[in-house]
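Participant: all I have is the shape, not the residue letters:
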């Protein structure tokens, strides 16, 4: 049976029907499918430009700028007078007062009150309050609040001296502009109840604007004139201005240089570094990578001796007297374990273990070098009853 026209047409066959009157069927090719419409190409993304500008408007505190210009200019003149004109006793007086002020910051505001790394009886606390007032780096309460925020939010907008903004900002520039709003916001949330319970700290805070000029400038300049006959002009520029400006910059190096140049034996993922020059200038505060990992260690360092950590010698002396107690330290194994896990390999003890890799080698379960956290957190299935 011959196919009908519809069938032939659909099949595309060419055939002449034998029945009279019907025309010959022509072969028809099937219609070509329409080409698939592709979506229009997406435009290439524009190159992103990094916005390195601060996300807040820097408001310059011109009063501080003028004060710092005067201090540094007058201190250079004071240095000249110290070399050429000042009496030898005045130079020794500068060193003595610089050491007292430094202890008020490092042993007092920093290690005692900010980090609570040891405890002190009231005679030592009173001495440290006086020494801290000589240093004039704001009263203890404000210093501690900003420093606790610095540790909790290092190198973020909440960090008062954020080192990611460069050396100048973290060294002195942060004091020339208004604080970032995050600094104030986070500062309000920091627990300061321990300082609020300390009557000596709150006494200093209450009377700071009266006692600070007396202890930082008036007495340091007046005593050399009165006791050994120093020239008042020389005494002011050497014993007051030069001594104060030098102590400021030694402290500021901890915020700037000790966050930029050095090694990171304990945690390579944070900015603080170990810096011997800063340790010398700041009475032992240069072991900064260790300090940010273990801020509760009263030594603020694992390595170094009294020559490179005079603050520790100061605290140890008063501990011998019985005025300082509850001195907190980090066990050696804990420090080495952290260095092996997170450090950059520069720890001197780990240099000898490079053949075994950065992590201390162990022979198996029960090895004394096995980290305590691994022993504690290991999964032990089917334990014997």
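Facilitator: Structure's in. What do you need? No experiment lies behind these values; they were computed from the predicted model shown.
Participant: by mean pLDDT, point me to the weakest helix or strand of this protein.
Facilitator: helix 5-11 (a mean of 39; mean pLDDT, DSSP states H and E).
Participant: any idea how far residue 272 is from the residue nearest in space to the middle of the chain?
Facilitator: Among the residues of the chain, the one closest to the centroid is residue 154, at 4.2 Å (C-alpha atoms, centre = their mean). As defined by C-beta to C-beta, to the nearest Å, residue 154 lies at a distance of 7 Å from residue 272. Where you see a C-beta, it was placed from the backbone N, CA and C, and this is true even at glycine.
Participant: same question for residue 70.
Facilitator: With C-beta to C-beta as the criterion, residue 70 and residue 272 are 31 Å apart.
Participant: which residues are in contact with residue 240?
Facilitator: Taking C-beta atoms under 8 Å, 6 or more residues apart in numbering, we find residue 240 in contact with 216-217, 220-221.
Participant: could you count how many residues lie near residue 337?
Facilitator: Close neighbours of residue 337, defined as other C-beta atoms under 10 Å, add up to 19.
Participant: contacts for the longest helix seen in the chain?
Facilitator: Identified as the longest helix of the chain according to DSSP state H is helix 62-84. Applying C-beta under 8 Å, 6+ apart, the external contacts of helix 62-84 come out as 90-91, 94, 172, 175-176, 234, 237-238, 241-242, 244-246, 248.
Participant: neighbour-wise, give me the winner out of those.
Facilitator: Highest neighbour count within the contacts of helix 62-84: residue 238, with 30 neighbours (other C-beta under 10 Å).
Participant: in this structure, where is pLDDT below threshold?
Facilitator: 1-56, 304, 351-370, 374-375, 377-385 (pLDDT under 70).
Participant: I'd say residue 239 and residue 95 touch.
Facilitator: No - distance between residue 239 and residue 95: 10.6 Å, which falls outside the contact criterion (C-beta atoms under 8 Å).
Participant: neighbour count winner among those two?
Facilitator: Per other C-beta under 10 Å, whichever of residue 239 and residue 95 has more neighbours is residue 239, with 28 against 10.
Participant: residue 70 and residue 272: which is more packed in?
Facilitator: residue 272 (26 against 12).
Participant: quick check: closest non-adjacent residue to that one.
Facilitator: Nearest residue to residue 272 in three dimensions, chain neighbours excluded: residue 288, at 4.0 Å (C-beta to C-beta, 6 or more residues apart in numbering).
Participant: now the one you found: how far from residue 277?
Facilitator: Using C-beta to C-beta, one gets 12 Å for the distance from residue 288 to residue 277.
Participant: again with residue 226
Facilitator: 36 Å.
Participant: cool, residue 333 as well?
Facilitator: For residue 333, the distance to residue 277 equals 29 Å [C-beta to C-beta].
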